[in-house]
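**Student:** Sharing a model that was predicted from the sequence below.
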Amino acid sequence: MKITIEYNGQLRHLAQRESDVLDIAEGTSIPEAVAQAAASYDESFQVILFDSQGELLPSALVLMHDEPVNREQWPTLTDGDVLTLLPPIAGG
Amino acid sequence: MAPLNDEEKAIYDWQISVRDFGEAGQERLKNSTALISRVGGLGGPLAQELTAAGIGKLILAHAGDVKHSDLNRQVLMTYKGLGKSRVDSAKRRLLEFNPCMEIKAVPENINEDNVVNLVAQADIVFDCAPLFEERFLMNRECIKHNKPLVDAAMFSLEYQVTSIIPGETPCLQCIYPEIPPAWKRKFPVFGAVSGTAACIAAMEGIKILSGMGPSLDGKMLYGDLRTMSMRKVPIQRRVDCPICALI
């Protein structure tokens, strides 16, 4: 199935694009899908999203269809879903 | 509360007619003090808008001198001011605009030693610092002392603004529990983007101070000037937030 992952902030800057469409297997979790997208980019992109243990950082906000996702119970991905990644920004 | 004089009524006549604001809102603004952390690309135009709107007192905290690389966005700084104190430049420009207001210029960035004293002097805090360490200090003190905090930030052509009302909304550490490890001090920026975020943050602060009420409590306004789009993203309190969970 296909999902879209939108990038913002530093992620968009590093990816040089606004989004990717991913082909993922049924049952892929949101952190796994984000990791699959991040694997296409270099380490500077990945460290914005994941810690050294490969856990999705809490400071990387994840929205599904514009609503924050429940990280205690990640929602199941279905075909056509749109994830938005909002990394922390502090430009002043 | 000091009432408006005839000159102030004349200056602010056009905004006093705004619904839900009126003379009462203008008086509240006149009798308010705002702390602005850094008066660069974001804090500079924010200070300018609050000055124009008639706030009574500003406390401006920003260390360092004006550099060439500031001038693409820091609209309170001038070419003539290169090498001179940023915060003094800001104070001078703002007083040219409104000589009746009070401005305290603090040539320091927010740090552990000054944050308690500076936040204590303010009715509201505007967080425009480029480092999360400073933002977290202001968040902590505002929550502790029940002061509203308007948090604004930008990166490239994107910006975000939210209002933190202690006890009512998520705080900054609900959104970012830890210092984000990958944030870098130098970021791509256009002055028009930081200025846009500044105007939104200023309006949010004016609404809070005047009694009109915030619009971004519990929501983060996220704007993208590349696509000219805006969205309000709901943000959530963390039950285990080390800063605001006990309030």
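**Tutor:** Thanks, I have the structure now.
**Student:** going forward, measure contacts and count neighbours with C-alpha atoms only.
**Tutor:** Will do.
**Student:** Return the residues in contact with B:Gln26.
**Tutor:** By CA atoms under 8 Å, 6 or more residues apart in numbering or on different chains, the residues touching B:Gln26 are B:Leu4, B:Tyr12, B:Ile16, B:Gly54, B:Ser210.
**Student:** Report the contact partners of the third one.
**Tutor:** Residues in contact with B:Ile16 (CA under 8 Å, 6+ apart) are B:Gly22, B:Glu23, B:Gly25, B:Gln26.
**Student:** give me the number of residues near B:His14?
**Tutor:** That one is not His; residue B:14 is Trp. 10 (other CA atoms under 10 Å in any protein chain shown).
**Student:** Can you pull the phi/psi pair for it?
**Tutor:** Dihedral pair for B:Trp14: phi -70, psi -30, per degrees, to the nearest 10.
**Student:** How confident was the prediction at it?
**Tutor:** At B:Trp14, the predicted lDDT confidence score is 97.
**Student:** coming back round to it: tell me which of the contacts of B:Gln26 is nearest to chain A?
**Tutor:** B:Gly54 (23.1 Å; CA to the nearest CA).
**Student:** That closest one and B:Leu29 touch, don't they?
**Tutor:** Yes. With contact defined as CA atoms under 8 Å, B:Gly54 reaches B:Leu29; the gap is 6.4 Å.
**Student:** Mind giving me the packing neighbours of the helix ranked longest in chain A?
**Tutor:** Secondary structure of chain A per DSSP state H: the longest helix is helix A:30-38. Counting contacts by 3 or more CA pairs under 8 Å, 6 or more residues apart in numbering or on different chains; DSSP states H and E, helix A:30-38 is packed against strand A:19-23.
**Student:** the inter-axis angle of the strand it packs on versus helix A:30-38?
**Tutor:** If you take axes from the mean of the first three to the mean of the last three CA atoms, to 10 degrees, strand A:19-23 sits at 110 degrees to helix A:30-38.
**Student:** which of the residues in strand A:19-23 are buried?
**Tutor:** A:Ser19, A:Leu22 (16 or more other CA atoms under 10 Å in any protein chain shown).
**Student:** Let me see the mean pLDDT of the longest helix seen in chain B.
**Tutor:** Identified as the longest helix of chain B according to DSSP H is helix B:191-210. The average pLDDT within helix B:191-210 is 98.
**Student:** swap in stretch A:32-47?
**Tutor:** The pLDDT scores in stretch A:32-47 average 97.
**Student:** Would you pull up how far that stretch lies from the middle of the chain?
**Tutor:** How far stretch A:32-47 lies from its chain's middle: 8 Å, per CA atoms, centre = their mean, to the nearest Å.
**Student:** Quick check: end-to-end length of it?
**Tutor:** Using CA to CA, to the nearest Å, the end-to-end distance of stretch A:32-47 comes to 15 Å.
**Student:** Can you tell me which residues in chain B are near chain A?
**Tutor:** B:38, B:40-43, B:128-132, B:152-156, B:158, B:175-178, B:180-183, B:185, B:187, B:194, B:233-235 (CA under 8 Å from any CA of the partner chain).
**Student:** returning to that earlier point: now the contacts of B:Gln26 in JSON lines, with secondary structure?
**Tutor:** What follows is those, written out as JSON lines (DSSP: H, G, I helix; E, B strand; the rest coil):
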{"residue": "B:Leu4", "secondary structure": "coil"}
{"residue": "B:Tyr12", "secondary structure": "coil"}
{"residue": "B:Ile16", "secondary structure": "helix"}
{"residue": "B:Gly54", "secondary structure": "coil"}
{"residue": "B:Ser210", "secondary structure": "helix"}
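**Student:** any idea how far B:Glu108 lies from chain A?
**Tutor:** 16 Å (CA to the nearest CA, to the nearest Å).
**Student:** Look up the residues forming beta bridges with A:Leu82.
**Tutor:** Just to correct that, residue A:82 is Val rather than Leu. Beta-bridge pairing for A:Val82 (DSSP bridges): A:Thr4.
**Student:** which residues touch it?
**Tutor:** Going by CA under 8 Å, 6+ apart, the list of residues near A:Val82 reads A:Ile3, A:Thr4, A:Ile5, A:Glu6, A:Met64, A:His65.
**Student:** Kindly recompute the last result at 6 Å.
**Tutor:** A:Val82 sits next to A:Ile3, A:Thr4, A:Ile5, A:Met64, A:His65 when contact means CA atoms under 6 Å, 6 or more residues apart in numbering or on different chains.
**Student:** Highest neighbour count among the residues you listed?
**Tutor:** Going by other CA under 10 Å, A:Ile5 tops the contacts of A:Val82 with 20 neighbours.
**Student:** pLDDT at the nearest residue to it once chain neighbours are set aside, what is it?
**Tutor:** Here the nearest residue to A:Ile5 in space, its sequence neighbours aside, is A:Leu83; by CA to CA, 6 or more residues apart in numbering or on different chains that works out to 4.7 Å. For A:Leu83, the pLDDT comes out at 98.
**Student:** right, and A:Leu83 touches A:Asn8 too?
**Tutor:** No. With contact defined as CA atoms under 6 Å, A:Leu83 and A:Asn8 do not form a contacting pair (11.2 Å).
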